[in-house]
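J.: coords below, sequence missing:
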């Protein structure tokens with residue numbers, strides 16, 4: 001299937017560079033250009049603007065490769081990160097620059113990137129043909145995809161350009177006869193990619209199925225040792241740099257909790273044993289958001305309407321402010337800012353017995369926020385936990401800085417909207 005020109009990153013970069021960097025330079029610096037009297041200030045400004053728009057578009061391209069995320073949410077954070085990086089370079093090297101040009105360019109950059117993402121979403125309507133055998137039914141529940149059922153008389157050789165972005169089939173099903181295999185082979189020869197059903201399911205849902213985990217390479221669930229080290233360093237630096245903001249905020253939250261529970265003897269902090277990396281036990285800290293006797297009958301999963309949660313506790317759970325004390329766990333190396341949420345010991349013992357491959361989620365450090373939290377929210381029963389585990393496996397398999405940055409962006413969105421809070 002032929003792609004729309006706007007789907008090519010190189011086209012978007014070229015047009016963005018012309019509109020955001022070159023045209024403003026021509027408008028503001030034209031008199032200097034025609035007199036051949038261009039200043040170093042103007043050259044620096046154009047270089048910085050060009051670098052910022054290129055890095056922004058590349059960053060947006062990388063972030064939108066992950067399934068289930070809303071492209072528009074990533075625009076401002078990506079532009080802000082590029083702008084801050086450009087500003088730091090100017091300040092560190094003390095380079096002269098044009099304030100008016102950079103402001104004009106920045107406004108055009110925001111407008112262009114938003115319009116670019118709107119157009120990109122409009123032209124990127126995925127159409128996939130599927131072979132109706134095996135486990136294809138699970139695909140039809142995936143939204144934002146046009147599914148086209150193929151018939152046995154489908155002749156791919158008669159199509160110069162097939163009307164699909166891809167064709168999917170359950171390649172492990174014994175009903176995949178030689179006739180279907182010929183159709184798939186001819187489609188691939190004409191340039192239409194043919195995927196196994198598990199690959200497509202994973203890439204469109206952001207989940208790695210656990211029932212057939214052996215069909216995926218278990219080795220891919222081993223995270224990069226080098227990125228683990230970088231991630232540990234970044235976690236520590238971010239927590240330390242954020243302390244001027246988080247410490248006063250934590251004090252205010254603690255005072256509010258103490259005031260709400262002034263007639264009881266409950267503590268501000270809530271401590272609980274959780275399972276961390278390598279199935280090691282550690283003590284996790286949270287701000288108390290439930291009544292003091294909330295677990296007097298043993299560990300319980302939170303529900304959407306939980307009577308154990310206090311009024312102020314409901315607010316800090318929705319905004320994730322109850323997680324602030326876990327910065328202590330991050331500094332101690334027991335947790336990361338991003339990763340699968342740590343579970344209680346009782347639940348881990350139960351899920352180890354009932355959910356296949358559950359132990360694999362402990363390959364990486366647990367996190368304050370994670371892919372499962374921003375995509376699904378909290379799990380309240382075993383079925384939701386199985387779904388959550390599929391998100392966790394997807395995160396571990398795609399363990400990278402890009403995915404972590406996307407989770408940070410979506411976590412901020414979650415804090416504003418209260419998605420998934422219980």
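T.: Great, that's in hand. Owing to the predicted nature of the structure, the values given are computational and were not obtained by experimental measurement. Numbering: from 1, shown residues only.

J.: pull the helix or strand with minimum mean pLDDT from the protein.
T.: Ranked by mean pLDDT, DSSP states H and E, the weakest helix or strand in the chain is helix 178-189, scoring a mean of 78.

J.: list the helices and strands it packs on?
T.: With contacts taken as 3 or more C-beta pairs under 8 Å, 6 or more residues apart in numbering; DSSP states H and E, helix 178-189 sits against strand 166-169, strand 194-196. To be clear about C-beta, it is placed using only N, CA and C from the backbone, and glycine gets the same treatment.

J.: Show me what the stretch of helix or strand residue 330 belongs to packs onto, helices and strands only.
T.: Using DSSP states H and E, residue 330 sits within helix 326-331. Judged by 3+ C-beta pairs under 8 Å, 6+ apart, the packing partners of helix 326-331 are helix 225-260, strand 281-287, strand 367-369.

J.: Tell me how far the second one lies from the chain's centre.
T.: The chain centre lies 25 Å from the centre of strand 281-287; the measure is C-alpha atoms, centre = their mean, to the nearest Å.

J.: got it, and the first one?
T.: Centre-to-centre, helix 225-260 and its host chain are 20 Å apart (C-alpha atoms, centre = their mean).

J.: which element follows it toward the C-terminus?
T.: Helices and strands here follow DSSP H and E; after helix 225-260, the next one along the chain is strand 269-275.

J.: Residues in contact with that following strand: which ones?
T.: For strand 269-275, contacts defined as C-beta atoms under 8 Å, 6 or more residues apart in numbering pick out 254, 281-290, 325, 342-345, 348, 362, 366.

J.: Which among those count as buried?
T.: 254, 282, 284-290, 325, 342-344, 348, 362, 366 (16 or more other C-beta atoms under 10 Å).

J.: Tell me which two of those sit farthest apart.
T.: The largest separation in those, counting by C-beta to C-beta, is between 254 and 362 at 30.7 Å.

J.: List just the nearest of the buried ones among the contacts of strand 269-275 to residue 50.
T.: Nearest to residue 50 among the buried ones among the contacts of strand 269-275: residue 366, at 40.9 Å, using C-beta to C-beta.

J.: before we move on, the earlier item: between the buried ones among the contacts of strand 269-275, which has the least confident prediction?
T.: Checking pLDDT across these, the minimum falls on residue 290 at 79.

J.: Find me the pLDDT at the closest residue to that residue other than its chain neighbours, would you?
T.: With C-beta to C-beta, 6 or more residues apart in numbering as the criterion, residue 290 has its nearest non-adjacent residue at 4.5 Å, and that residue is residue 308. We have a pLDDT of 71 for residue 308.

J.: can you check residue 219 too?
T.: pLDDT recorded at residue 219 is 58.

J.: likewise residue 406?
T.: pLDDT for residue 406: 88.

J.: Could you count how many residues lie near it?
T.: 23 (other C-beta atoms under 10 Å).

J.: Low-confidence stretches in the stretch 1-150 of the chain?
T.: Low-confidence segments of the stretch 1-150 of the chain, defined by pLDDT under 70: 1-3, 67-72.

J.: Walking through it, point out its helices one by one.
T.: 9-17, 23-34, 40-63, 75-92, 99-123 (DSSP state H, counting those that start in this stretch).

J.: Tell me which residues of the helix holding residue 330 come out buried.
T.: Within helix 326-331, the residues scored as buried using 16+ other C-beta under 10 Å are 326, 327, 329, 330.

J.: mean confidence score for that helix?
T.: The average pLDDT for helix 326-331 rounds to 95.

J.: which of the helices and strands packed on helix 178-189 is buried the deepest?
T.: Comparing the helices and strands packed on helix 178-189 by mean neighbour count (mean count of other C-beta atoms under 10 Å), strand 166-169 ranks first with a mean of 23.

J.: helices and strands around it, which ones?
T.: Judged by 3+ C-beta pairs under 8 Å, 6+ apart, strand 166-169 is in contact with strand 126-130, helix 178-189, strand 194-196, helix 197-205.

J.: Can you read off the backbone torsions of residue 342?
T.: As for residue 342, its main-chain torsions (degrees, to the nearest 10) stand at phi -70, psi 140.

J.: okay, the helices and strands packed on helix 326-331 in a markdown table with distance to residue 113 next?
T.: Formatted as a markdown table, the helices and strands packed on helix 326-331 follow (distance: least, C-beta to C-beta, whole Å):
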| stretch | distance to residue 113 |
| --- | --- |
| helix 225-260 | 25 |
| strand 281-287 | 37 |
| strand 367-369 | 25 |
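
J.: These: which one's closest to residue 103?
T.: Going by C-beta to C-beta, the one of these nearest residue 103 is helix 225-260, 26.5 Å.

J.: Could you check the angle the closest one makes with strand 269-275?
T.: If you take axes from the mean of the first three to the mean of the last three C-alpha atoms, to 10 degrees, helix 225-260 sits at 150 degrees to strand 269-275.

J.: helices or strands next to helix 225-260 in the packing?
T.: Using 3+ C-beta pairs under 8 Å, 6+ apart as the contact criterion, the elements in contact with helix 225-260 are strand 281-287, helix 311-318, helix 326-331, strand 336-338, helix 401-417.

J.: Can you check which of these gets nearest to residue 181?
T.: When these are compared by C-beta to C-beta, helix 401-417 sits nearest residue 181, at 34.8 Å.

J.: residues in contact with that closest one?
T.: Residues outside helix 401-417 that contact it (C-beta under 8 Å, 6+ apart) are 62-63, 65-66, 69, 73-74, 77, 227, 230-231, 319-320, 337-338, 369-371, 373-375, 395, 419-420.
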